[in-house]
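**Q** with the input below, show me the fold.
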Amino acid sequence: MPDDIARWLTEHASPLGSLTPGAPHQDLEPLGTTLRDVRIVGLGESTHGTREFFRLKHRIVEFLVREAGFTTLALEASASAARALDAYVRHGTGDPARLISRLGFWTLRTEEMLDLVEWLRAHNRGLPEGRQVRLVGIDPQRCADSVEAVAAFLRQVAPERAEDVSELEVLTQAHPASRPDPQQALLRRAEALAGFLEDHREKFAQHTTADAADEALEHARILTRAADLVTRSLDVPSGENSVFAVRDRYMADAVTRLVDDSPQARVIVWAHNGHLTKGTYGDGVPALGSRLRERYGDAYYALALLFGRGSFLARRTNDPQGQPVRHRIGTGIRSVEARLAAAVPGDYYADLRTDGPSPETAQWLRTPHMQRTFGAAVPRFVYRLHVAPLVPAEDYDGIAFVARSTCSRPLPSLET
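**A** Residues are numbered from 1 along each chain as shown. Next up is the predicted model:
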C-alpha cells in the first residue's frame, strides 16, 4: 500500500472503541453523521461465521435504532419464518431460540443472533406499535411456515382448495435450483393459488378478518417466489435470468417494499458482503446492493465488514448438510485485508465517500484489488485461496475492519 494511502487511512479511519453490544456509542458518531441522509444501510460480512461481525453489527443496529431512527432490520433469512420472529420482537410471542432455528440457515442459529433478537424485544417492549422496530426476512427460501399458514387458512375459508397446498410442500426445505424445470410447473401452481386468494380476498375477509386474509395472501406470494427459485437451473450461471440474480432481485424487491411503505421507513439490511456490493459478484451476478443503488442512489449505503486474521465457522462443501467447523486463516500478504491491517492497527471504520483524497489515493480506491470472501460452505484446505475482485470505492461506501475473527457460537440443536 503506497504511503499516501496509508496516511489517508490513518487520518480518516475512525477507531472502534469496542465490538461489544451495549457499549457507549461515541465511537460510532462519525458513522451516524455519514448516514444522516441515508434510508438503507447494508451491513455486510466476509464470512457468515465470525463472532465479531455479529457483535459489531449488533452494536451498529443499536446505534442506528436509538440515535438515527431506523425502523426495520431486514435479514438474509427466510421471509416465511421471519414473520414469526417479528411477532416475538414486537409482541413477545414464542420462543426466540426456536424461532431463530426456523429461519433456514445454520449461520443465524447463534448465541450472537439470539442476543440481538433479545435486545430488539427489550427495545420494543412498552413502545406503541408505530414506534416498534420490525424484523423481516427477505430471502424466499425455506417456506414451511408459509405452507402451513396457507393450508390452515384454506381449510377455514375454502376447504375444497386445501389440497392444492400439498403440491407445494416441497418448498418447505428445497433449495434454489434443486428442482430445475424449464416449464416451471411448480411456479404455475403457486401462482394459481396466490391468484385465487387475491381474487377472493374480500369474500374471505368477511369470514375471518382482513388481516388474516392479507397474511395468507402474503404467505402465498412468498411461495411463488420460492417456487421460481427452486425450478430455475444452474445451467444459467450468470446474467439477469440466473438463479443467483433472481434471488438477489427478490431480496431487493423485499427491501424496496419496506422502504416505500412509509416516508419514515429506514432499513438496515444484514447480508453477506457479496449481496450488498453496489456492483456484481460471482460470474457477473447483479447484486442486491446494485439494485438498491440504482433505485435509491446515495440513500443506499453499503458497509462491508472485513477481518485481518483468525478463525470462522463454515460447513465443508463436501458435506453441505454437516456441522459447521472451525477454519483458520492468517492475514496473508496480497489481499486488501493485509493492507488494511498494516495501515491502521486494531478495529476501525473508514468512510469511502470522503471528499478530497489525493490523486494517488483516489486511484487506489478505484483500482481492482482482491478481498477474501467465504460463504456458508467452503472447500477443505483451499478455502484460504478464496478471493474476489474488489474496487473499494465503487463496490462499497465504507469498510469496517476487525483485526481478529473468532468463530460464532452455535445455539444448541433444536427441532425446527
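
**Q** could you use CA atoms for every contact and neighbour count after this?
**A** Fine.

**Q** longest helix of this protein?
**A** Among the elements of type helix in the chain, defined by DSSP state H, the one spanning the most residues is helix 210-231.

**Q** I'd like the mean pLDDT over that helix, please.
**A** Averaged over helix 210-231, pLDDT sits at 96.

**Q** right, and the helix or strand after that helix?
**A** Downstream of helix 210-231, the first helix or strand assigned by DSSP states H and E is helix 243-260.

**Q** what's the next secondary structure element after that following helix?
**A** If you walk from helix 243-260 toward the C-terminus, the next helix or strand you reach (DSSP H and E) is strand 267-270.

**Q** tell me what that next one is packed against?
**A** Helices and strands touching strand 267-270, as assessed by 3 or more C-alpha pairs under 8 Å, 6 or more residues apart in numbering; DSSP states H and E, comprise strand 40-43, strand 72-78, helix 243-260.

**Q** can you classify the residue sitting furthest away from the middle of the chain as helix, strand or coil?
**A** No residue in the chain sits farther from the centre than E160, which is 38.0 Å out by C-alpha atoms, centre = their mean. With DSSP: H, G, I helix; E, B strand; the rest coil as the basis, E160 sits in helix.

**Q** what pLDDT is listed against it?
**A** E160 carries a pLDDT value of 92.

**Q** try the one 5 residues further on
**A** Model confidence at V165, expressed as pLDDT, equals 93.

**Q** go on, Q173?
**A** Q173 is assigned 87 on the pLDDT scale.

**Q** how many neighbours does it have?
**A** The number of residues packed near Q173 is 12, by other C-alpha atoms under 10 Å.

**Q** just to revisit the earlier point, would JSON lines of the helices and strands packed on strand 267-270 with mean neighbour count and distance to E148 be doable?
**A** Converted to JSON lines, these look like this (neighbours: other C-alpha atoms under 10 Å; distance: least, C-alpha to C-alpha, whole Å):
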{"stretch": "strand 40-43", "mean neighbour count": "26", "distance to E148": "31"}
{"stretch": "strand 72-78", "mean neighbour count": "23", "distance to E148": "14"}
{"stretch": "helix 243-260", "mean neighbour count": "20", "distance to E148": "21"}
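
**Q** pull up the gap between the residue farthest from the centre of the chain and V170, please.
**A** 21 Å (C-alpha to C-alpha, to the nearest Å).

**Q** before we move on, what about L19?
**A** Separation of L19 from V170 (C-alpha to C-alpha) stands at 41 Å.

**Q** remind me which residues of the stretch 251-400 of the chain are low pLDDT?
**A** Scanning the stretch 251-400 of the chain for pLDDT under 70 picks out 356.

**Q** what about the helices in it?
**A** Under the criterion DSSP state H, counting those that start in this stretch, the stretch 251-400 of the chain contains helices at 273-276, 288-296, 336-343, 359-365, 392-395.

**Q** deepest-packed of those helices, please.
**A** Among these, the stretch with the highest mean neighbour count (mean count of other C-alpha atoms under 10 Å) is helix 273-276, at a mean of 29.

**Q** just the strands in the chain please.
**A** Ranges of strands in the chain, per DSSP state E, are 14-15, 40-43, 72-78, 134-139, 267-270, 280-281, 285-286, 300-316, 325-329, 348-351, 369-372, 377-378, 387-390, 398-405.

**Q** let me have these in a markdown table, adding distance to G195 as columns.
**A** Formatted as a markdown table, the entries for these read as follows, by distance: least, C-alpha to C-alpha, whole Å:
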| stretch | distance to G195 |
| --- | --- |
| strand 14-15 | 51 |
| strand 40-43 | 31 |
| strand 72-78 | 22 |
| strand 134-139 | 21 |
| strand 267-270 | 29 |
| strand 280-281 | 33 |
| strand 285-286 | 29 |
| strand 300-316 | 33 |
| strand 325-329 | 44 |
| strand 348-351 | 46 |
| strand 369-372 | 44 |
| strand 377-378 | 37 |
| strand 387-390 | 42 |
| strand 398-405 | 42 |
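
**Q** among these, which is nearest G49?
**A** Closest of the strands of the chain to G49 is strand 300-316, at 4.4 Å (criterion: C-alpha to C-alpha).

**Q** that closest one pairs with which strands?
**A** strand 40-43 (parallel), strand 325-329 (antiparallel), strand 377-378 (parallel), strand 398-405 (parallel) (DSSP bridges).

**Q** roughly how far out does that strand sit from the chain middle?
**A** Using C-alpha atoms, centre = their mean, to the nearest Å, the distance from the centre of strand 300-316 to the centre of the chain it belongs to is 13 Å.

**Q** and for stretch 68-80?
**A** For stretch 68-80, the distance from its own C-alpha centre to the chain's C-alpha centre is 8 Å (C-alpha atoms, centre = their mean).

**Q** next, format the helices and strands packed on strand 267-270 as CSV and append distance to T33.
**A** Output for these, formatted as CSV (distance: least, C-alpha to C-alpha, whole Å):
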stretch, distance to T33
strand 40-43, 13
strand 72-78, 19
helix 243-260, 21
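
**Q** of all those, which one comes closest to P176?
**A** Comparing the helices and strands packed on strand 267-270 by their distance to P176 (C-alpha to C-alpha), the top pick is helix 243-260, with 6.9 Å.

**Q** what packs against that closest one?
**A** Counting by 3+ C-alpha pairs under 8 Å, 6+ apart, the packing neighbours recorded for helix 243-260 are strand 72-78, strand 134-139, helix 210-231, strand 267-270, strand 285-286, helix 288-296.

**Q** mind checking how far L292 is from Y88?
**A** The gap separating L292 from Y88 is 28 Å, by C-alpha to C-alpha.

**Q** okay, now the unreliable bits of the stretch 1-150 of the chain?
**A** Per-residue confidence of the stretch 1-150 of the chain (counting by pLDDT under 70) places the weak regions at 1-2.

**Q** try 90 this time
**A** Segments of the stretch 1-150 of the chain classed as low confidence (criterion: pLDDT under 90) are 1-12, 104, 126.

**Q** do a quick rundown of the helices in it.
**A** Listed in chain order, the helices of the stretch 1-150 of the chain (DSSP H, counting those that start in this stretch) span 3-12, 29-34, 51-68, 82-91, 96-101, 111-124, 144-157.

**Q** pull out the buried residues from the longest one.
**A** Just to be clear, that refers to helix 51-68. Buried residues in helix 51-68, defined by neighbour count with 16 or more other C-alpha atoms under 10 Å: 51-65, 68.
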